[in-house]
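In: next input, structure requested:
(one chain, ligands or ions: 1)
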Amino acid sequence: MAFETITVETREHVGVITLDRPEALNALNGALIAELATAVRRFEEDAQIGAIVITGSEKAFAAGADIKEMAERTYPQSMIEDFIGGDWEAVSRARKPVIAAVSGYALGGGCELAMMCDIILATDSARFGLPEITLGVIPGAGGTQRLVRAVGKAKAMEMILSGRFMAAEEAERAGLVSRIVPDAELLDEAVKVGEKIAAMSLPSVILAKSAVNRAFETTLEEGIRYERAVFYSLFATEDQKEGMAAFVEKRQARFRDR
Ligand code: CAA
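Out: From the prediction side, this is the model:
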């Protein structure tokens, strides 16, 4: 299937999805969200792929859900269709790690999409914001929950209640962004992180991601119990034997995802 609102490529073991609606600053309309979900699911199913990168253009990662498409929406329609269910959740449901490579605007649903990813790399020009309040609504794709967890209540409240944007440097300081990288290196750097992850044992990557995400969902005690069970389970893999043997033999491990 040819895509119209995104481009998709494979770089070694990393799947790269580029949001591509330049005329609307990559606003997330229904077509783009459906194509993004399809692309993510395909990479999830592809055994050659170990990580996924989502990026946009230099000017915009994504300037939010498509306001023109949303303007005439009604309450019953949104509720019955579960507007932000289904395809909108494809990225947050991915089991393989997803890296957001953000340049320019990451606003509203665009910021929320970045926050659904596991790691955010950004350039100096990145601007994060949840300006839905200026449209008479609130963030609807997880923003009120994920931003608080990422940057704490004070900054999240100010951004969500006043619509203030956060520049890249502040976003990195606050913990929303993992690293700021030079403009020209953004995609290569994100792919490099993806390649590094893809070289690890996939079962341990999937379970490490799942254990970290548990920290947001449960108590410390439960989370530690989960971590311990998962840790023990990895001793059942061939990759654990290979990884530790390689260390002892002073050679590179060759994981086979078993
Ligand atoms: N939806 C639809 N179209 C959008 C868009 C959006 N979210 N953001 C930008 N565009 C369109 C503009 O309408 C414009 O198209 P036209 O030339 O046809 O008018 C084009 O993209 C370029 O945008 P601007 O001329 O506005 O560019 P700018 O550089 O002057 O401003 C901006 C950039 C500050 C990002 C501004 O476009 C803006 O404020 N965009 C909206 C941001 C926003 O409110 N996002 C939240 C959306 S709601 C949401 O996301 C709900 C949710 O939680 C799921």
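
In: now the helix or strand containing Ala114: mean pLDDT?
Out: Using DSSP states H and E, Ala114 sits within helix 109-116. In this model, helix 109-116 carries a mean pLDDT of 98.

In: any part of it near the ligand?
Out: Yes. Helix 109-116 reaches the ligand (C-beta under 6 Å from any ligand atom) through 109, 112. Using the backbone N, CA and C atoms, a C-beta is placed for each residue, glycine as well.

In: contacting residues for the closest residue in space to Arg127 that isn't next to it in sequence?
Out: Excluding its sequence neighbours, the residue lying closest to Arg127 (C-beta to C-beta, 6 or more residues apart in numbering) is Phe165, at 4.6 Å. Neighbour list for Phe165: 107, 127-129, 131, 159 [criterion: C-beta atoms under 8 Å, 6 or more residues apart in numbering].

In: looking at those residues, which are in strands?
Out: 107, 127-129 (DSSP state E).

In: nearest to the ligand, out of those residues: which one, please.
Out: Leu107 (4.3 Å; C-beta to the nearest ligand atom).

In: how close does whichever residue of the stretch 101-250 of the chain sits closest to the ligand get to Leu19?
Out: Nearest to the ligand in the stretch 101-250 of the chain, going by C-beta to the nearest ligand atom, is Gly108, at a distance of 2.4 Å. For Gly108, the distance to Leu19 equals 14 Å [C-beta to C-beta, to the nearest Å].

In: helix, strand, or coil at Ile99?
Out: Here Ile99 is strand, with the state taken from DSSP: H, G, I helix; E, B strand; the rest coil.

In: got the contact list for it?
Out: Shown in contact with Ile99 (C-beta under 8 Å, 6+ apart): 51-54, 117-121, 190, 193-194.

In: change it to 7 Å
Out: 51, 53, 117-119, 121, 190, 193-194 (C-beta atoms under 7 Å, 6 or more residues apart in numbering).

In: ditto for Ala100
Out: Neighbours of Ala100 in contact, by C-beta under 7 Å, 6+ apart: 54, 114, 117, 120.
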